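Q: coordinates only, no sequence provided:
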């Protein structure tokens, strides 16, 4: 039964992602994989959106159905902006983890670039620096900006696919029609509504307190 509900809700989310991808690439198609994480049934959704001839936005979601709410929940998500060349390294990557296994931020950014000043700063840091946990002792190498986890919000305050696509439009110059921008803006609004609903469910007393303050 759990697998059936996961399959159903994952297909609904996949349909949304498919529509977003087709805004930029009519031939876009994502992939869906069913698996388990421990005893928990999970689904993975992966896709490459070719926003133009030289830029790709890649997404990778791992989702499950929350047993308490019965709602589809994102366990992990990753968004990457890549040059169009095959097997190229991302320019930037956003990672969001529901339950990180270390002290890194649950939502963070990796900038894939190289800079002598950054390398020097990392090397002169103490044992708590990104270099100390980003590279095994038996594999020494020069530190890179991509090793650093730049915070990008926590829990419900995470980025969504539509925001990444607006980033490549506004900051890198990918083509965009008014209709596409309107659809992306609408998607962001829906994402924020879903996150707000999740916050209210998790903090009903705080939500009630805020509403009572408005009525006072």
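A: Everything's here; your move. The model shown is predicted, which means the values in this text are computed figures rather than measured ones.
Q: could you point out the longest helix of the protein?
A: Counting residues, the longest helix in the chain under DSSP state H turns out to be helix 178-202.
Q: for that one, buried residues please.
A: Under the neighbour-count criterion of 16 or more other Cβ atoms under 10 Å, helix 178-202 has 180, 181, 183, 184, 187, 188, 191, 198 buried. Where C-beta positions appear, they are placed from N, C-alpha and C, glycine not excepted.
Q: what do you get for stretch 18-26?
A: Quick answer for stretch 18-26 (16+ other Cβ under 10 Å): 20, 21, 23, 24.
Q: what does it contact?
A: Stretch 18-26 is contacted by residues 28-30, 47, 49-52, 161-162, 165, 174, 180, 183-184, 187 when judged by Cβ atoms under 8 Å, 6 or more residues apart in numbering.
Q: would you reformat the buried residues of helix 178-202 as JSON lines and include distance to residue 12 and pLDDT?
A: As requested, those are exported to JSON lines (distance: Cβ to Cβ, whole Å; pLDDT from 0 to 100):
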{"residue": "180", "distance to residue 12": "22", "pLDDT": "95"}
{"residue": "181", "distance to residue 12": "24", "pLDDT": "94"}
{"residue": "183", "distance to residue 12": "17", "pLDDT": "96"}
{"residue": "184", "distance to residue 12": "19", "pLDDT": "96"}
{"residue": "187", "distance to residue 12": "14", "pLDDT": "95"}
{"residue": "188", "distance to residue 12": "18", "pLDDT": "93"}
{"residue": "191", "distance to residue 12": "14", "pLDDT": "92"}
{"residue": "198", "distance to residue 12": "17", "pLDDT": "86"}
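Q: residue 12: neighbour count?
A: Around residue 12 there are 9 other residues, counting by other Cβ atoms under 10 Å.
Q: which residue is the nearest non-sequential neighbour of it?
A: Among residues not flanking residue 12 along the chain, residue 72 sits closest, at 7.7 Å (Cβ to Cβ, 6 or more residues apart in numbering).
Q: which pLDDT value goes with the one you found?
A: On the pLDDT scale, residue 72 is placed at 94.
Q: who is it paired with across the strands?
A: Note on residue 72: beta-bridge partners residue 65, judged by DSSP bridges.
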